[in-house]
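Q: Show me the folded form of this:
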Amino acid sequence: MIPSVTLPLPTTLPSLNDNSRLRLLSGSANLDLSQEVARYLGVDLGPMVRKRFADGELYIQIQESIRGCDVYLLQPTCRPVNDNLMELLTMIDACRRASARQITAVIPYYGYARADRKTAGRESITAKLVANLITQAGASRILAMDLHSAQIQGYFDIPMDHVYASPVLLDYLNSKKLHDLVVVSPDVGGVARARAFAKKLNDAPLAIIDKRRQAHNVAEVLNVIGDVRGKTAVLVDDMIDTAGTITEGARLLKQEGARQVYACITHPVFSPPAIERLSSGIFEEVIVTNTIPIAMENRFPQLKILSVANLLGEAIWRIHEDSSVSSMFR
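A: Okay, the predicted model is just below:
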């Protein structure tokens with residue numbers, strides 16, 4: 001008969017939200033933002049080996065034990081989109097196989113989001129496809145910022161927290177003490193976003209730019225719905241890609257009598273020829289966040305970059321502590 005052995009009980013039992021269980025890992029897409037988030041949380045980024053084989057295949061290895069830990073992987077799927085997406089999936093898989101208790105994919109910029117529905121026959125809905133890939137890789141939860149459309153939240157069958165950069169943008173605009181503001185949506189699809197932004201900007205009036213898109217990344221602006229004459233216009237959108245829509249919108253606002261035009265954008269994708277268009281002098285200021293890193297050669301005098309690190313850090317902390325994330329925006 002096997003003799004019984006009495007083991008001493010631990011002096012303290014680990015709580016569900018033991019802070020020692022929190023691990024923050026970063027992909028290579030935006031290491032500066034990850035380091036800022038780590039400083040806010042008071043933790044170090046987890047050590048990781050990241051390399052490529054000669055044919056370009058990615059290799060990831062976590063360099064510390066994460067068994068039973070709550071792991072937060074910070075990686076925007078920005079340019080190069082496919083490489084950064086594959087890196088995120090590989091990190092998730094590595095953490096799952098290392099027996100992490102919970103894996104939260106923190107995605108400041110969610111790529112492939114523009115194809116969120118079928119607008120013509122035989123199209124792929126890539127926003128849903130990417131959601132499936134992340135879920136199947138082993139993510140337990142998603143934390144994303146300013147999705148291109150709110151319906152993408154429903155594409156995930158795992159818990160998702162959707163946070164907004166608007167508090168950071170609004171604080172900066174309020175600090176400038178601008179007068180006679182009007183918030184402008186660059187298209188009809190962004191009206192809900194612009195209306196919410198205007199409400200928090202001292203209930204500023206709202207205007208809408210009516211446009212017709214002829215092809216991807218090509219927009220034809222027609223007219224402005226609303227009064228912008230003599231006012232400071234603030235164009236609000238989730239991303240700037242080639243900047244064609246927002247630049248044509250700014251020109252139209254100036255033609256309609258707007259005194260100044262500011263652009264307030266969360267994700268600076270900045271595909272060519274965005275820099276030439278944005279730096280042409282039509283904008284008083286182009287205000288963006290650091291969800292996507294901006295190379296020094298893509299910076300220009302009118303560009304203002306705001307950090308969302310504290311906001312993301314606070315959201316991570318609240319998720320870890322099982323407290324409300326939505327109350328951050330009330």
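
Q: Model confidence for residue 31, exactly?
A: Residue 31 carries a pLDDT value of 97.

Q: What is the neighbour count of it?
A: 14 (other C-beta atoms under 10 Å). Placement of C-beta: from N, CA and C, glycine included.

Q: what are the ranges of the helices in the stretch 51-200 of the chain?
A: Using DSSP state H, counting those that start in this stretch, the helices of the stretch 51-200 of the chain run over 81-97, 126-137, 166-176, 191-200.

Q: could you dump those to TSV with distance to residue 207, mean pLDDT and mean neighbour count?
A: Listed next are the helices of the stretch 51-200 of the chain as TSV, based on distance: least, C-beta to C-beta, whole Å; pLDDT from 0 to 100; neighbours: other C-beta atoms under 10 Å:
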stretch	distance to residue 207	mean pLDDT	mean neighbour count
helix 81-97	32	98	20
helix 126-137	28	97	18
helix 166-176	16	95	16
helix 191-200	8	94	17
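
Q: Output these in TSV, with distance to residue 104 appended to each entry.
A: Putting the helices of the stretch 51-200 of the chain into TSV (distance: least, C-beta to C-beta, whole Å) gives the following:
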stretch	distance to residue 104
helix 81-97	10
helix 126-137	11
helix 166-176	21
helix 191-200	25
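
Q: what stretches of the chain score poorly on pLDDT?
A: Applying pLDDT under 70 to the chain picks out residues 1-19, 212-221.

Q: ranges for the strands of it?
A: 22-26, 48-52, 58-62, 70-74, 102-107, 141-145, 160-163, 181-185, 206-215, 218-225, 232-240, 260-268, 285-289, 303-306 (DSSP state E).

Q: Sheet-wise, list the partners of the last one with their directions.
A: Pointing back at strand 303-306 there. Partners of strand 303-306 in the sheet, by DSSP bridges, are strand 285-289 (parallel).

Q: The strand it pairs with relative to helix 166-176, how many degrees between them?
A: Here the directions of strand 285-289 and helix 166-176 differ by 150 degrees (axes from the mean of the first three to the mean of the last three C-alpha atoms, to 10 degrees).

Q: who's in contact with strand 285-289?
A: Defining contact as C-beta atoms under 8 Å, 6 or more residues apart in numbering, one finds that strand 285-289 is touched by 165, 168-169, 172-173, 240, 262-268, 278, 294, 300, 302-308.

Q: Also stretch 295-305?
A: Contact with stretch 295-305 is made by 172, 268, 270, 275, 278-279, 281, 283-290, 294, as judged by C-beta under 8 Å, 6+ apart.

Q: Ok, stretch 189-208 next?
A: 149-150, 166, 169-170, 173-174, 181-185, 187-188, 224-228, 233-234, 236-238, 264.

Q: Make a PyMOL selection of the buried ones in the residues you listed.
A: To isolate the buried ones among the contacts of stretch 189-208 in PyMOL, judged by 16 or more other C-beta atoms under 10 Å, type:
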select buried, resi 149+166+169+170+173+181+182+183+184+185+187+224+226+228+233+234+236+237+238+264
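
Q: Filter the contacts of strand 285-289 down to the buried ones.
A: Applying 16+ other C-beta under 10 Å to the contacts of strand 285-289 flags 165, 168-169, 173, 240, 262-268, 278, 302-304, 306-308 as buried.
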